[in-house]
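> give me a 3D structure for the following:
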Amino acid sequence: MLIPCIDLQDGRAVQLVHGRERKLAVDDVFGLLDRFGGYPLIHVIDLDAAMRKGSNAKLVRELCAAAKKRKMRVRVGGGIRTVARAAAIAGWGAEKVIVGSAAFKNGQVNRVFLGRLAGRIGRKRIMIALDTEGGHILVRGWQEKLRLRPEEVISALEKYASEFLCTYVDAEGTMRGTNLAWFRALRRATRRPITAAGGIRSRSEVRALARLKMDAAVGMALYTGKLS
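All right, here's what the predicted structure looks like:
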């Protein structure tokens, strides 16, 4: 399945290269729901919250409500650092909350936080993001690199999440294609569902990921019309 991404920054939907350089911005965020209306599921990511540069919480909540009216399912991520925050977003109607940085503390799996989160909203509603560059997990809005590699911790994280969102940041926003070999290695590391992201630009890549039983979260290729 192909999943459109709506990444929010300064109240607009944007596309960044490697999570840093803005290449594209859309002012009519709600218009994207009409554009993506044929897809049953979307990802909404608050980049400002992830980078600790503000919040698009009101817009995220409104998008959840508008998507519900269109019978679209929504997964929400970006800056979810507390159990209370995750519970609030789940209450807005998000099918799953996507937790990234908060899943780690002092360079290790944050088992205390994840245990509390699973106890509050249930493992089925938790998706853990493993955003990776140069083989190592990135946190804090992709500004800090851990020593950990996703394949080293993914089995330990299975206890707390129903799915994983794995982004190959090396190719994010570049339109140069993704790293299928990397995703094959991740597939061997866990039986949990994985949504792949990062540089996906063609139907052949989407089909290759589907053969690995992975969904494809796509941004730039959809916004530019490379995929439709």
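
> can you give me the strands for this structure?
2-9, 12-17, 21-26, 41-46, 73-77, 96-99, 104-105, 108-109, 126-133, 136-139, 144-145, 163-168, 194-197, 214-218 (DSSP state E).

> which of these has the lowest mean pLDDT?
Lowest mean pLDDT of the strands of the chain: strand 21-26, a mean of 87.

> would you turn the strands of the chain into JSON lines with distance to Leu117?
(Each C-beta comes from the backbone N, C-alpha and C, glycine too.) Shown next, in JSON lines, are the strands of the chain (distance: least, C-beta to C-beta, whole Å):
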{"stretch": "strand 2-9", "distance to Leu117": "22"}
{"stretch": "strand 12-17", "distance to Leu117": "27"}
{"stretch": "strand 21-26", "distance to Leu117": "31"}
{"stretch": "strand 41-46", "distance to Leu117": "18"}
{"stretch": "strand 73-77", "distance to Leu117": "13"}
{"stretch": "strand 96-99", "distance to Leu117": "7"}
{"stretch": "strand 104-105", "distance to Leu117": "13"}
{"stretch": "strand 108-109", "distance to Leu117": "13"}
{"stretch": "strand 126-133", "distance to Leu117": "6"}
{"stretch": "strand 136-139", "distance to Leu117": "16"}
{"stretch": "strand 144-145", "distance to Leu117": "21"}
{"stretch": "strand 163-168", "distance to Leu117": "14"}
{"stretch": "strand 194-197", "distance to Leu117": "19"}
{"stretch": "strand 214-218", "distance to Leu117": "21"}
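
> which one of those lies closest to Ala87?
Of all these, it is strand 96-99 that lies closest to Ala87, at 8.5 Å by C-beta to C-beta.

> can you list contacts of that closest one?
With contacts defined as C-beta atoms under 8 Å, 6 or more residues apart in numbering, strand 96-99 is touched by 43, 45, 75-78, 80, 86, 89-90, 114, 117, 121, 125-129, 161-163, 165.
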